[in-house]
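[1] Need coordinates for the following:
(one chain, ligands or ions: 2)
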Amino acid sequence: MNKFAVFSGFLGAGKTTAMMTLTAYYTGRHGRAAMISNDLGHGVTLADDRQAKLAGCRCAQITDECICFVRDELAARLTAFYADGCDLVLSDIPGFGVGALEHVYHGLTADYPGRFSLAPFTVLTEPRSVDILRRSLPDDMAPILRAQLMEADLIVLNKCDLLPDAEQQTQLSWLREHFPQAQVLGLSARTGEGLEALSLALKNGAASLRHPEIDYENAALIRAMDSLSEYYLQGHLTVCCNDFDGTAFLTALAERLRDGFAAGGFPTVPHFKLLAWTPEGDYGKTDLLGVDRPVELTHRFARPCTQLALILNASAACPAAPLKALVREAVSAVSAKYQLEFMLFKEECFNLGE
Ligand SMILES: Nc1nc2c(ncn2[C@@H]2O[C@H](COP(=O)(O)OP(=O)(O)O)[C@@H](O)[C@H]2O)c(=O)[nH]1
Ligand SMILES: [Mg+2]
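    Ligands and ions are numbered 1, 2, ... in the order given. Okay, here's the model as predicted:
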């Protein structure tokens, strides 16, 4: 049966990584799986889809809009994957999103009755987010974290590799107690631990199609959403006279951005992705998941390089003008340090509240 699962969850929880590892794991063992990356940049190649392609995943992207509002495009993508022999397709939604249960699951059921078999509505979370909710830590994004979990039929606590066993059990129990409507599983998308249980939960489970009582008028939830800006950049880097270390460059750029946000008084940067690749398909990626967290070295270049395509995609609680200025400053400073020539192809930045 042609199954479809939404992977919701906050920025940086590991949706893209989990979809990449799960589609690879599922294919061959359980059937044939594919993934859709959904982001808001307009008509350009975005980081998640490019990363999935570089890693060799069966993937597609839906850009410009949340899949909540382009159901016909989503249905067409799903139909194309099923025609290609896939029996499980996963799609994420933009990581600040709430409401996909209503818009996507109930919407598809109403618009395409009987056509798609909906797997449990899946929400990824990570230890840091659970900690924020469990300990009531002050965090502007907490209302989004909570509302997303209320939608879940299946909660996946990702990044379990970061937790000692006892703490993992504590977090899983807390999630089960506070979101009793959902099945709760642990996962490490990085090590692959938990992929079998997740495969079976999606393959054998079904969406409950509930209507959770989420208060979309809640002032703190609206404030959290409205504070975020989206940033998308595409460019090219060339080094004229020698090879350079692309991984060191991406790390230095992420560190410069982190310091720039902190110094500028913009401490809420839930996810800044930095992806670069060579014409031969070698690639590197770093991720910034907050100004108070170390830069994640997500993927290293295998070899030194002389030219790179670059994509930067971010969600940050920072108005568009300072966000653009900050990124431009960081790119030129770090490019100069590595003696690179930077050529900008495309840049867009918009605030979600506008
Ligand atoms: N330690 C650890 N890091 C992970 C895991 N899954 C994802 N990450 C890292 O978390 C960061 C954000 O992951 P990504 O998949 O882009 O998150 P998304 O925004 O939800 O799609 C990246 O640096 C990933 O490498 C995991 O299971 N363990
Ligand atoms: Mg992603």
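[2] element containing the closest residue in space to residue 142 that isn't next to it in sequence, please.
    Spatially, and ignoring its direct neighbours in sequence, residue 142 is nearest to residue 132 (5.6 Å; C-beta to C-beta, 6 or more residues apart in numbering). Quick note: C-beta positions are derived from backbone N, CA and C, even for glycine. Using DSSP states H and E, the element containing residue 132 is helix 127-134.
[3] Can you name every helix or strand that whichever helix or strand comes after that helix contacts?
    As assigned by DSSP H and E, the chain's next helix or strand after helix 127-134 is helix 142-150. Counting contacts by 3 or more C-beta pairs under 8 Å, 6 or more residues apart in numbering; DSSP states H and E, helix 142-150 is packed against strand 122-125, helix 127-134, helix 219-227.
[4] ok, the residue nearest to residue 195 when sequence neighbours are not counted - contacts?
    Counting by C-beta to C-beta, 6+ apart, residue 25 is the residue found nearest to residue 195 once chain neighbours are left out, at 4.4 Å. Contacts for residue 25 (C-beta atoms under 8 Å, 6 or more residues apart in numbering) come out as 192, 195-196, 199.
[5] Make CSV out of these and add pLDDT, secondary structure and neighbour count.
    Compiled in CSV, the contacts of residue 25 are given as follows (pLDDT from 0 to 100; DSSP: H, G, I helix; E, B strand; the rest coil; neighbours: other C-beta atoms under 10 Å):
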residue, pLDDT, secondary structure, neighbour count
192, 98, coil, 14
195, 98, helix, 19
196, 98, helix, 13
199, 98, helix, 18
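[6] if we can go back for a sec, hmm, the residue nearest to residue 142 is touching residue 145, no?
    Yes - at 6.4 Å, residue 132 and residue 145 qualify as touching, with contact defined as C-beta atoms under 8 Å.
[7] overlap in contacts of these two?
    residue 139.
[8] of these two, who's got more company?
    Neighbours per residue (other C-beta atoms under 10 Å) separate residue 132 from residue 145, with residue 145 holding more: 22 against 18.
[9] Quick check: pLDDT value at that one.
    On the pLDDT scale, residue 145 is placed at 98.
[10] Please apply the same query to residue 176.
    If you check residue 176, the pLDDT there is 98.
[11] before we move on, what about residue 214?
    96.
[12] Surely it is within a strand?
    No - going by DSSP: H, G, I helix; E, B strand; the rest coil, the assignment for residue 214 is coil, not a strand.
[13] which residue packs closest to it, ignoring adjacent ones?
    Leaving out its chain neighbours, the residue that sits closest to residue 214 by C-beta to C-beta, 6+ apart is residue 147, at 5.1 Å.
[14] thought that neighbour was touching residue 217?
    No - in this structure residue 147 lies outside contact range of residue 217 using C-beta under 8 Å: 11.9 Å.
[15] What is the helix holding residue 132 packed up against?
    helix 142-150, helix 165-178.
[16] which outside residues touch the shortest one?
    By C-beta under 8 Å, 6+ apart, the surrounding residues in contact with helix 142-150 are 8-10, 96-98, 123, 125, 129, 132-133, 139, 155, 175, 178-179, 182, 212-214, 218, 220-221, 224-225.
[17] what's the burial count for the closest residue to residue 5 other than its chain neighbours?
    In space, and not counting its chain neighbours, residue 5 is closest to residue 119: 3.8 Å by C-beta to C-beta, 6+ apart. The tally of other residues near residue 119 (other C-beta under 10 Å) stands at 25.
[18] so who does residue 119 touch?
    3-5, 88, 202-203, 205-207.
[19] can you list the residues of this structure near ligand 2?
    The chain comes close to ligand 2 at residues 15-16, 48, as judged by C-beta under 5 Å from the ion.
[20] who has more neighbours, residue 147 and residue 217?
    More crowded of residue 147 and residue 217, by other C-beta under 10 Å: residue 147, with 20 against 7.
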